[in-house]
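Undergrad: how does the following fold in three dimensions:
(3 chains)
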Amino acid sequence: MNPLYYGVAYYDEYMPYERLQEDIQMMKKAGINVVRIAESTWSTLEPQSGIYDFTSIDRVMDAMYEAGISVIIGTPTYAVPTWMVNEHPDILAMTRNGRNQYGPRQNFDITNPKYLYYCERVIRKLMAHVKDHPSIIGYQVDNETKHYEVSGPAIQTMFAKFMKGRYESLDAMNHHLGLDYWSNRINAWEDFPSMDMTINASLSGEFETFRRKLVTDFLAWQVGIVNEYRKEDQFVTQNFDFDWRGYSYGVQTFVNHYEAAAPFTVVGCDIYHPTQDELTGCEIAFGGDITRCLKNDNYFVIETEAQGHAGWLPYPGQLRLQAFSHLASGANMVAYWHWHSTHNSFETYWKGLLSQDFSPSPTYVEATTIGSDFARLSDKLVDLKKDNKVAVLINNEALSAFNWFKVYYDMDYNDIFRQMFDALYKMNVECDIIDISYPDFTDYDMIVAAPLYAVADEILERLNAYVEQGGHIVYTIRSGFSDDKVKVRSVAQPGIISEACGNFFSQHTEAKQTVIKSDILTIDEANQNLRGWIELLTAKDAEVLATYGHKHWGSYAAITTNNYGKGSATYVGCCPTEAVYSELFSYILNKTGMKTIDQTLAFPTIVRKGTNTAGNKIIYIFNYSDEPVTVTYPYEDATELISGDAIVSGSDVELSAWGFGIYEIEA
Amino acid sequence: MNPLYYGVAYYDEYMPYERLQEDIQMMKKAGINVVRIAESTWSTLEPQSGIYDFTSIDRVMDAMYEAGISVIIGTPTYAVPTWMVNEHPDILAMTRNGRNQYGPRQNFDITNPKYLYYCERVIRKLMAHVKDHPSIIGYQVDNETKHYEVSGPAIQTMFAKFMKGRYESLDAMNHHLGLDYWSNRINAWEDFPSMDMTINASLSGEFETFRRKLVTDFLAWQVGIVNEYRKEDQFVTQNFDFDWRGYSYGVQTFVNHYEAAAPFTVVGCDIYHPTQDELTGCEIAFGGDITRCLKNDNYFVIETEAQGHAGWLPYPGQLRLQAFSHLASGANMVAYWHWHSTHNSFETYWKGLLSQDFSPSPTYVEATTIGSDFARLSDKLVDLKKDNKVAVLINNEALSAFNWFKVYYDMDYNDIFRQMFDALYKMNVECDIIDISYPDFTDYDMIVAAPLYAVADEILERLNAYVEQGGHIVYTIRSGFSDDKVKVRSVAQPGIISEACGNFFSQHTEAKQTVIKSDILTIDEANQNLRGWIELLTAKDAEVLATYGHKHWGSYAAITTNNYGKGSATYVGCCPTEAVYSELFSYILNKTGMKTIDQTLAFPTIVRKGTNTAGNKIIYIFNYSDEPVTVTYPYEDATELISGDAIVSGSDVELSAWGFGIYEIEA
Amino acid sequence: MNPLYYGVAYYDEYMPYERLQEDIQMMKKAGINVVRIAESTWSTLEPQSGIYDFTSIDRVMDAMYEAGISVIIGTPTYAVPTWMVNEHPDILAMTRNGRNQYGPRQNFDITNPKYLYYCERVIRKLMAHVKDHPSIIGYQVDNETKHYEVSGPAIQTMFAKFMKGRYESLDAMNHHLGLDYWSNRINAWEDFPSMDMTINASLSGEFETFRRKLVTDFLAWQVGIVNEYRKEDQFVTQNFDFDWRGYSYGVQTFVNHYEAAAPFTVVGCDIYHPTQDELTGCEIAFGGDITRCLKNDNYFVIETEAQGHAGWLPYPGQLRLQAFSHLASGANMVAYWHWHSTHNSFETYWKGLLSQDFSPSPTYVEATTIGSDFARLSDKLVDLKKDNKVAVLINNEALSAFNWFKVYYDMDYNDIFRQMFDALYKMNVECDIIDISYPDFTDYDMIVAAPLYAVADEILERLNAYVEQGGHIVYTIRSGFSDDKVKVRSVAQPGIISEACGNFFSQHTEAKQTVIKSDILTIDEANQNLRGWIELLTAKDAEVLATYGHKHWGSYAAITTNNYGKGSATYVGCCPTEAVYSELFSYILNKTGMKTIDQTLAFPTIVRKGTNTAGNKIIYIFNYSDEPVTVTYPYEDATELISGDAIVSGSDVELSAWGFGIYEIEA
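TA: Reported below is the predicted structural model:
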């Protein structure tokens, strides 16, 4: 069993003066037991084509080893050196905006053979050089890999070939994708046009699928090379990232994480999130829940902020709260980007654990308490396993297609995903996040589906069957609307799932002044407003849970629920507030008997649970607020692990501002 | 006499499955008696260069003919096939943003000889193929044709030659256009620079005039080809569109509709407009009034929305109200874009009469009542003729020049046009919309001029003469300011029309906190605010109707009116609200005795009138509101045509929400 | 001694009809005694390559000479003719957005040898032609010269060579600029990449320094040519401009004015500013104070607005107030851009002294009183000298670097500069504006430093020494933060100046809801809000003047002040309102005994002072408000120069709205 890892990204190359031993002393004091190095330093590692300089890597590995700190080696491929661009400017990607220019990272074409040639050469040189060093526990290939919206003649040609493999004929393709429209028919493969300005959402959807596959292929290719050198007990991982909205939240548009995760022995991610008064834990839970589900296993938080950007300087206690929240989702590593704060360049104000002055700031001092607790409690907290009964269902194809048309309708896919996920999180319903490739939906009692806009018939039929067999599902707007090729269904909506949902609609409109009304759900006035799109639902067999408050649309349903077979299917035909989702989920949990003791607590008191390697139940109770709270501890008698105190079921627990307790219940 | 046409655009090519007979049955039930086909399906029609496939056209024509539904054939030239762009990428237009890319419609250069070659070939093949089919009542050439801001070496060369023909010498051109400024002089024709980044509004104005001429020429050329095949009793039309502000409203910047209309036997237009609580009929009246005036004849509404985009799903009654409002402006056809809603691509959410499920939705059901009434009342309502006494005067040159400088001044040309037109519409003053080429202004008792910013001396002198002979004119800001070459006049403003207006100004400023005040017009506080530009008017001979409320500008006039000869000229030197225009028009109508019985009713009760083919007066009274209203019917005894009821002058008429009556008064 | 100049830019070339004698008569009536001509008319002057036409220049010079009006000849190089671009399109600059296009002025590359060849040729032809004309008092080279963000292969190569000269080795450069980060190392000079998309703020800062040098070099080169022809008693000047924020205010990013001023015999500037209710005099004072300091001498206002754009039409009295405010800052010339208003092109609505109708508008009439007073009082008011005890300290490197990172932090360099300068101006503390090259800081009792973000150690050490020797300094946020290569210091902040400031910080955050609180400074509630960045200061030796109102940051200081040696250093660690700066400056002036009698008056009553050529003290008292004010005249007995009235110390002075008095106190 490996220990809990508490780590930092460490860049000896960036240091303004010689500090290695001094840094190691400070790391040891903070309990840092792993550093990630080498990533993004290609120009230092290979200063000219074919000339290598491992000085910095070697001295860091040696010093870390001596200090008992483990090392993760990152392949340096996500930022290319000047010499490469100077010699081969065509490695810079063509996007719909033209040729990328030198300067930023991730500016190249991940399919360019010249780039791939240099990647392979440097990875092999690096691996051959370091592979026997005892400090190394694993490898990361590349970093936050995406397709960077690459597009250009070679990509377009590859895409045309990809399409050729997916349709029996051009006629079939033209018909299914609706290319007769606006004279877009492709009547010869040689005429296949660039996707840069396509106005066809079906073609665009295919192109997105194709480009996500490029990422999957590129990562698998890098892992293949690393595996030739990697030892059995070393891991190979990737640092996945999520939709970036000024912070990490939401399904990644540019990568199919579920497919891309396959070749890795363990997956990692980065989670950057607001703190101070905006710290809720939602982003930590989301990032953790999805990453854990990629391989249904524990995972690494390879990057998260320490000080982060100026608005995220943590309040006292927040750094601790965050670190243990990651563990509570199943993380086996919490690592900061980065150790120090860079003295030059783009991210000067994206600060690490230390400021540029390397002094032990309050943030660093708080980190020392985390490192100490991680070390002390490692055996208890590592490898936490979950057995969630609720899943949130997503798919990349729906995301891309939904957002292609979002311009008309206000909220994008991840906005709605967030409302549904956050509502569950805040009522302490822990969930997995699965995609439509998940083999057996009956693993879950309830499935909450983010907008299932573009999905193949077969999946929807499986979901109908899931309900029939006793599952409970909640759909939201535009679900079932189009098939996986973004062709709107030519039957009454919501198409195939109409069967389980017991409802239908043929028309939709914008909410404008329309409100949502219900005699069954409690919706206060502040939560009656609707945004964007509303569907004019008619219940066939279903029960109407909510209707529209509007002079002309008042006879239509806004939310319906339907008993179908042994289960139920609930359909939300509008965009209400998160509070309405909470109310709806509460209603369903009650009605189906799925409500548990966890729901006696609610945000800002957050419960996260699992089973540790000893088979004991571990319960985290977090106070996500700036005020102390007293909660009645509702679980079995336990030991609080930070304090070592015994706790009796039903007694009062006091949690300080941004405080928490960890309760171990003997099996 | 042709019947009233109730139509749809029909795309057999886009259908997800075989539906032709089923669609025809539903059309018949809805009273649809005309379909427009073939438009925008070039890639289906000519799948490879020189290879033609008329299957879809033939089967639709045959089936429609059998069902008694007429057909309009559109030339397919406004969206080019993939093979053409693949073989000749240079047909894509160069604009100031570079070469257009493949994907959208209307991406080519309408002057490119390769494009013109393929256009001519496909039009001739299509015409030769269909010309004898008995279903065809007429042809539409291209669609919503504009110049798409084409620009590029060939266009620039053509423009230089155009300019050479307009000036006696380079010196004359340099002087008149003010090219000494910022070293912009052109001292040799060979040096004529690109207009892409010109900073000279006079040059830019000339370039806009030149590019509008390209559209006129292109349309005339297509009509010429079609005419070689067209039978005497078949029409040839064009679907003109207007300024697009999320809906159709305002003078089209890129086409001179008055010139471009010449070769057509009948003109058409598309009118898309807000509905639900924003339905006012203004856009319908505007689009109808301008289109009717292009050839001073009845016209077709070739495209208007049925369901349209999500926010436009009509309330009950609105579809009917809209259809009859088009007739009340003089339309002989009301056709929806489009029959069904496309299952793929760009306009998936721009919905037709049917949703993607093809079910008889409430919108379709309402359409069936329209079709039935159109058929029943066709003889009474077709070919409605008007004899308006008021005209709104526009010109494209003023629009382009006014807007070139608008950045400083808040409201653009069409914003102000809209205030003036809407004020007249809402007080039930029906008007024609004429441009400065109109041969005899004395056809009208009153002319309301949209900002006459850039106009030749001769026109202004004719307008002075018009007033002298008894006409009443209302000008607004910056009228007369510059000549037709966008050279500001070097005399006191408003230049030539100062003579009739009896006022002058030399300075202007921004309104900021300035308000408008009047002892003569009733302007409530909410309507005292001014936007943007104000002119510091001094009345010479004129009466001051309004002044400025401002510490320093209080001594200047804001609105003046002047008796000149037998008529009067009113000048508005600021940008007040629409309500101030209403008040002003009311004042003028009163004073001049032009007020009629129509002004006893006012928005939301809208009156539109004309004479039918029997010589009887037809009066439409519309209720543009979501509440029933009772109005006193002020006209002669009549028959209400929908109900067949007799109505006595002075009696009460009840109109339902979004309801209307049509009154026929025997001649 | 030269007279006070009252001038206009005059463009005979732009006139719609022959007006020269008429214009001269109107100029004479207005007291105009100087015109600037020839500037920006290259295409008229040299209509084809090598063909010259001096007709317009000659006739204007002759007519002006005859009328006794002096002439300034501008070299025409800031707008290139069509023939040049047609023959050599590559003179158009490459910027990061690609090749510039023909149309606007200042579109070329000031380093392009073809452009320089033509420049030199036309300047020599022009100078040779005019040099002996008796009307000429001086020359202006080019106009508002900047580098126009030129970038492109040649510039990049020149920059690489520039960099080679600044670092002892590539390793030193890579290390100092932090290029290991994101693989940006440059390991061979041949690999030096383009700066267009650099993500390294240190490299970018160097590039900005390099490009500012291009401007300095270009201007010096032009002056060198002009000097070969210029007579001893003729001046050579440049029309510098400032940061453009819809008006002129703030340090110019693209030119180092202090270096660029060197070759000129006198410097000029343009100052455009809001008027009407927004007229404060701040922009006039700022522009004057910086321009005066470039050569520590009197200067010319070569361009300022008369009517300007629509929103700036002056209220009665404002044109006078503005003209004398320029003199009060030390201007020897006040000249309008421009005499008339152009009838065509880009600046049609940027109006001159006359409107396009050339009539004597109220603005012109007011100008005649200014011209008359200038002539009458010339000897008293010309060559005003100042001896300011306070300086505002700026530097271009800090501006560029501060703003590079501003995206995170709300206020840019000039926003903060403005708060500090305006606060001083409004409390009647006149100041010089100096840059870090100023040789002896002890010339000033107090120095107020705009964000000294990127500054070399040596300057900061000199500032510490300045304080030690008795100087008082006020720093604001991020001062001392990085060195002159934009490398953040690796010691506790504010780095070197921490010594004099007696404080330190290691962490910063965003203000959000944080307020500023003080027991020492009076800060009313409206001024407690903070914007953007806050530093968590700890006082070492310093006194805490203000703290943060915030649950977690309350223990940190917001403003500290420290006695150090014989002086004091005050440090503001946040972005408060201008009112807090006023309060702080007032506190410091009081405490240090620097407060003077001038502070008995305050905005809108503004005092500006100096000594005239007779050695008498001249005191201007301005009323920058739309209401009359009565002030107690606090100075020695004097003569008011406009009225000629004697004024006794302590008596009441009445100033009309936008009025002023000028008091001469016999030495």
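Undergrad: please count neighbours and contacts with C-alpha atoms only from this point.
TA: OK.
Undergrad: which regions of the stretch 401-550 of chain A sit below the pLDDT cut-off?
TA: Where the stretch 401-550 of chain A drops to pLDDT under 70, the residues are A:407-408.
Undergrad: the strands in it, which residues?
TA: Ranges of strands in the stretch 401-550 of chain A, per DSSP state E, counting those that start in this stretch, are A:431-435, A:446-449, A:472-475, A:503-504, A:508-510, A:515-517, A:533-535, A:538-539, A:543-549.
Undergrad: how about the residues of the stretch 1-150 of chain A by chain C?
TA: A:13-14, A:16, A:40-44, A:47-48, A:79-83, A:86, A:101-105 (C-alpha under 8 Å from any C-alpha of the partner chain).
Undergrad: make sure residue A:653 is indeed in a helix.
TA: No. Using DSSP: H, G, I helix; E, B strand; the rest coil, the assignment for residue A:653 is strand, not a helix.
Undergrad: so what secondary structure elements neighbour the helix ranked longest in chain A?
TA: The longest helix of chain A (DSSP state H) is helix A:201-227. Judged by 3 or more C-alpha pairs under 8 Å, 6 or more residues apart in numbering or on different chains; DSSP states H and E, helix A:201-227 is in contact with helix A:113-130, helix A:153-164, helix A:257-260, helix A:396-404.
Undergrad: mean neighbour count added to those, as JSON lines?
TA: Output for the helices and strands packed on helix A:201-227, formatted as JSON lines (neighbours: other C-alpha atoms under 10 Å in any protein chain shown):
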{"stretch": "helix A:113-130", "mean neighbour count": "17"}
{"stretch": "helix A:153-164", "mean neighbour count": "16"}
{"stretch": "helix A:257-260", "mean neighbour count": "21"}
{"stretch": "helix A:396-404", "mean neighbour count": "23"}
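Undergrad: need the three-state assignment for the residue lying closest to residue A:414 once chain neighbours are set aside.
TA: Sequence neighbours aside, residue A:250 is the residue nearest to residue A:414 in space, at 5.3 Å (criterion: C-alpha to C-alpha, 6 or more residues apart in numbering or on different chains). At residue A:250 the chain is in coil, as set by three-state DSSP.
Undergrad: quick one: which of the helices and strands packed on helix A:201-227 is nearest chain B?
TA: helix A:396-404 (9.3 Å; C-alpha to the nearest C-alpha).
Undergrad: contact partners of stretch A:190-198?
TA: Residues from elsewhere that reach stretch A:190-198 (C-alpha atoms under 8 Å, 6 or more residues apart in numbering or on different chains): A:95-96, A:151-153, A:156, A:160, A:186, A:203-204, A:207, B:82-83, B:86, B:101-104.
Undergrad: of these, grab the buried ones for ChimeraX.
TA: A single ChimeraX command selects the buried members of those (16 or more other C-alpha atoms under 10 Å in any protein chain shown):
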select /A:95,96,151,152,156,160,186,203,204,207 /B:82,83,86,101,102,103,104
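Undergrad: what does the stretch 501-650 of chain A put close to chain B?
TA: A:506, A:507, A:508, A:509, A:510, A:511, A:533, A:552.
Undergrad: the first one and residue A:556: what is the separation?
TA: The reference is to residue A:506. Look at residue A:506 and residue A:556: by C-alpha to C-alpha, to the nearest Å, they are 11 Å apart.
Undergrad: same question for the second one.
TA: To residue A:556, residue A:507 is 11 Å away according to C-alpha to C-alpha.
Undergrad: of those two, who's got more company?
TA: Using other C-alpha atoms under 10 Å in any protein chain shown, the more surrounded residue of residue A:507 and residue A:556 is residue A:507, with 22 against 19.
Undergrad: which non-adjacent residue is nearest the more buried one?
TA: Closest to residue A:507 by C-alpha to C-alpha, 6+ apart is residue A:536, at 5.8 Å.
Undergrad: if I pick that neighbour, what's in contact with it?
TA: A:505, A:506, A:507, A:508, A:509, A:553, A:556, A:557, A:558, A:573.
Undergrad: 10 Å instead, please
TA: Contact analysis of residue A:536 by C-alpha atoms under 10 Å, 6 or more residues apart in numbering or on different chains lists A:504-509, A:547-548, A:553-558, A:573-574.
Undergrad: same check, this time on residue A:453
TA: A:395, A:397-403, A:413, A:476-484, A:486, A:488, A:494.
Undergrad: same check on residue A:348?
TA: Per C-alpha under 10 Å, 6+ apart, neighbours of residue A:348: A:309, A:341, A:342, A:355, A:356, C:200, C:201, C:405, C:487, C:488.
Undergrad: just among those, which is most surrounded?
TA: residue A:355 (29 neighbours).
Undergrad: tell me which element that residue falls in.
TA: Assessed by DSSP states H and E, residue A:355 sits outside every helix and strand.
Undergrad: the residue lying closest to it once chain neighbours are set aside: which element?
TA: Nearest residue to residue A:355, sequence neighbours excluded (C-alpha to C-alpha, 6+ apart): residue A:341, at 5.2 Å. Here residue A:341 sits in a region with no helix or strand, counting by DSSP H and E.
Undergrad: in this structure residue A:341 contacts residue A:354, no?
TA: Yes. If you go by C-alpha atoms under 10 Å, residue A:341 and residue A:354 touch, sitting 6.2 Å apart.
Undergrad: how about the strands in the stretch 251-400 of chain A?
TA: Counting by DSSP E, counting those that start in this stretch, the strands of the stretch 251-400 of chain A are A:268-271, A:299-304, A:331-336, A:390-394.
Undergrad: now the stretch 51-200 of chain A
TA: Under DSSP E, counting those that start in this stretch, the stretch 51-200 of chain A gives strands at A:70-74, A:94-95, A:98-99, A:136-140.
Undergrad: which stretch among these comes nearest residue C:637?
TA: strand A:98-99 (72.2 Å; C-alpha to C-alpha).
Undergrad: and that closest one, is it in reach of chain B?
TA: No. In terms of C-alpha under 10 Å from any C-alpha of the partner chain, no part of strand A:98-99 sits within range of chain B; the closest distance is 11.7 Å.
Undergrad: could you grab the helix/strand/coil label for the residue in the stretch 551-667 of chain A positioned nearest to chain C?
TA: Going by C-alpha to the nearest C-alpha, chain C is nearest to residue A:626 of the stretch 551-667 of chain A, at 9.5 Å. Of the three states, residue A:626 takes coil under three-state DSSP.
Undergrad: which residues does it contact?
TA: If you count contacts by C-alpha under 10 Å, 6+ apart, then residue A:626 has A:276-277, A:279, A:315-318, A:604, A:656-659, C:551 around it.
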